[in-house]
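Undergrad: Please work out how this folds:
(one chain, ligands or ions: 1)
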Amino acid sequence: MKKIMLTGDRPTGRLHVGHYVGSLKRRVELQNTGDFDDIFIMIADAQALTDNADNPEKVRENIIEVALDYLACGLDPEKSTLFIQSQIPELCELTFYYMNLVTVSRLQRNPTVKSEIQQRNFEASIPVGFFTYPISQAADITAFKATTVPVGEDQMPMLEQTKEIVHKFNSVYGETLVDPKILLPDNEACLRLPGTDGKAKMSKSLGNCIYLSEEPEDIKKKVFSMFTDPTHIRIEDPGKLEGNTVFTYLDAFCRPEYFAEFLPEYAGLDELKEHYKRGGLGDMKVKRFLNNVLQAELEPIRNRRKEFQKDIPAVYEILRKGSEKAEKVAAETLREVKEAMRINYFDDQEMIAKQSEKFAE
Ligand code: TRP
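TA: Just a heads-up that it's a prediction; the model follows:
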């Protein structure tokens, strides 16, 4: 079986370091292994509209931001197909047929949808499109016959729901759709990178994100105001690592070689942590180190972004070409789906011949 990767992001803002360690970095690594027959990276604008229906400008403006972030991180249009969801009408058709295979109560149980409904104060009036977006996500994944979907942990319920739809479809209509596998980050810190204030959710409105395109001065400011251990007051006090955002970020970003470069008096992260726990290591020193690490990680991304920013029409051309290719693939899957569902009347010469005979009797 072919190995196909598909994943995507809603274009509601610039991408931040949580997106990076949660999925983007992995995508680029996987892309560069050359192990995949095809890679599809989708800007999920139609999904973004399910909870931004009255704010289409926000979605429209962020398409280019997300595309630039993708290219900046090293997604390469020669190796990966970058495309825009709304440009693939086949996805809507698939969604419409999959809707028959999912119950309202099943959608209501989806934990991610549940918490999003709460966050958006949708309780009293949930838009139908928003409520059903997990089904449209199943269409995104199955249209490309994805075998591997690298995403953050919050997307787990969507993958479970997709698998259910695949199983149900295949058992009702015959083996047609491919069962996808979720690929989560293997490191706890990458799985759930908190905001700089230590809060679980990174969000623009809380001002607790570090963006991939963040300028060096702003990265520094955000690192130096990060949440640490509130009981670690004097340097000699013992410090706690749990819930200490600076250490969580080091777990997510630090590579062994950064110690030699920026903090040679420690052999590695374990030794730094031991010292912090014991007491005698100040927050400022750890923050200075984290700042150096983040600057080293983000500088090449920011510089590459600036290069791509110089030719915006070329970026749209990449997306247009990618969308054309993606549509061809989705159209073929839709053809197979319609055949399996027996709604392929005009292609079914056998049926037409049989009925001719029947009515000739
Ligand atoms: N739900 C994802 C997000 O919130 C975006 C998305 C849409 C997606 N369709 C997808 C991710 C298919 C992976 C696979 O960012």
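Undergrad: Let's see the pLDDT reported for N187.
TA: You'll see N187 listed with a pLDDT of 87.
Undergrad: what's the following helix or strand after the helix or strand containing A252?
TA: Under the criterion of DSSP states H and E, A252 resides in helix 245-253. Sequence order places helix 257-262 as the next helix or strand after helix 245-253, per DSSP H and E.
Undergrad: mind listing what A326 touches?
TA: The neighbours of A326, taking C-beta atoms under 8 Å, 6 or more residues apart in numbering as the test, are F40, M42, T81, F83, Q87, I88, F144. C-beta coordinates here come from the backbone N, C-alpha and C atoms, glycine included.
Undergrad: tell me which element it is part of?
TA: Short version, using DSSP H and E: A326 is in helix 312-340.
Undergrad: picking up where we left off before, would you turn the contacts of A326 into a markdown table with secondary structure?
TA: Below are the contacts of A326 laid out as a markdown table (DSSP: H, G, I helix; E, B strand; the rest coil):
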| residue | secondary structure |
| --- | --- |
| F40 | strand |
| M42 | strand |
| T81 | strand |
| F83 | strand |
| Q87 | helix |
| I88 | coil |
| F144 | coil |
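Undergrad: quick one: which two of these are the most distant?
TA: Based on C-beta to C-beta, the longest span within the contacts of A326 runs between Q87 and F144 and measures 13.9 Å.
Undergrad: between these two, which one's more packed in?
TA: F144 (27 against 17; other C-beta atoms under 10 Å).
Undergrad: what about that one, distance to N100?
TA: Applying C-beta to C-beta, to the nearest Å, one obtains 21 Å for the distance of F144 from N100.
Undergrad: what's the closest non-adjacent residue to L272?
TA: Nearest non-adjacent residue to L272, counting by C-beta to C-beta, 6 or more residues apart in numbering: Y266, 4.8 Å away.
Undergrad: what's around K325, how many residues?
TA: Using other C-beta under 10 Å: K325 sits among 15 other residues.
Undergrad: Q108 touches K114, doesn't it?
TA: Yes: taking C-beta atoms under 8 Å as the definition, Q108 is a contact partner of K114 at 7.5 Å.
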